[in-house]
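Chemist: Any chance you can model this:
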Amino acid sequence: MGFCNNEYILISVSYSYYEVYTNTQRAFSGLGFTYGSDEDAAFITTWLEIFGLDGIKLLKLKIEELDNTFNASIDPSKINDEFDCENKSFLVIGPGLIDYLVSKIDKRDDFKLTFKNCSDPIFLIPLLYKYAKKNIYSQFLLDQKIDVQITNENIRVNREIISTNYQRNFDLLLTKKIFNEQKLDINISSSNINNMLSKGINPDKKSWDQISKIAFRTFVPESEESRAKGAGGGDAND
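Modeler: Okay, the predicted model is just below:
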């Protein structure tokens, strides 16, 4: 922080993909996520932050809910035409659930599931994009209106989905069929991903500081000098 003409100026700090991923992974570990699940959740959060979908702010809003409550168990027998999330975060159940749902379309062209009591579908987007690169595309549908569309070329998102308090039931469509182009609020082109990765990440400072405090539960923070020497890059395409 510096000052000019007696007015304080907040200096924005830029971080690499690796730094944001590592800090959030440590925070999830501090929140009680198991090994592996902390890495999945860190990938989700960092991916959203890189592409302007407020991953760090959204995580800050979930801290109290997630703190030492981790339970990723899912009963596959309860997954038919609909699935009740029972207000569990997709940061917790998303990775295992999406892997299971994708396995359902191995022998068919598409699969649709209605989600109930799921407050943060935004956290599914990075997981679904990984499968879009394998030509399994997805849409979020609310009363037949498309809120999210993910292909191997574009991620299209309506702003109302960027929330941790999404109150409505919605359908998730997984398909091998090609979608028609949709005009939604936000368009992220896969051709721009490497360019976006090369830029620094500037998370909301208050949210970042709160997440860092959680991360400090599990490791000793490094100095700014060591951070400058060790800063590296990363890949959100994994």
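Chemist: can I assume residue 211 sits in a helix?
Modeler: Yes - with DSSP: H, G, I helix; E, B strand; the rest coil as the criterion, residue 211 is located in a helix.
Chemist: tally of neighbours for the residue nearest to it when sequence neighbours are not counted?
Modeler: Leaving aside its chain neighbours, residue 211 sits nearest to residue 27 (4.8 Å; criterion: CB to CB, 6 or more residues apart in numbering). In this view, the C-beta of every residue, glycine as well, is placed from N, C-alpha and C. Residue 27 has 28 neighbouring residues, counting by other CB atoms under 10 Å.
Chemist: could you measure residue 27 against residue 98, distance?
Modeler: Counting by CB to CB, to the nearest Å, the gap from residue 27 to residue 98 is 22 Å.
Chemist: again, but for residue 70
Modeler: For residue 70 relative to residue 98 (CB to CB), the value is 18 Å.
Chemist: Looking at those two, which one has more neighbours?
Modeler: residue 98 (21 against 18).
Chemist: Only the buried residues of the helix or strand that contains the more buried one, if you could.
Modeler: Element membership of residue 98 [criterion: DSSP states H and E] is helix 90-103. Judged by neighbour count using 16 or more other CB atoms under 10 Å, the buried positions of helix 90-103 are 90, 91, 92, 93, 94, 95, 97, 98, 101, 102.
Chemist: Let's verify the closest residue to the third one other than its chain neighbours: helix, strand, or coil?
Modeler: Closest residue in space to residue 92, ignoring its immediate chain neighbours: residue 72 at 5.1 Å, by CB to CB, 6+ apart. Reduced to three states with three-state DSSP, the structure at residue 72 is coil.
Chemist: Name all residues that make contact with residue 72.
Modeler: Applying CB atoms under 8 Å, 6 or more residues apart in numbering to residue 72 gives the contacts 34, 37, 92, 93, 95, 96.
Chemist: ditto for residue 89
Modeler: 62, 65, 66, 119, 120, 123.
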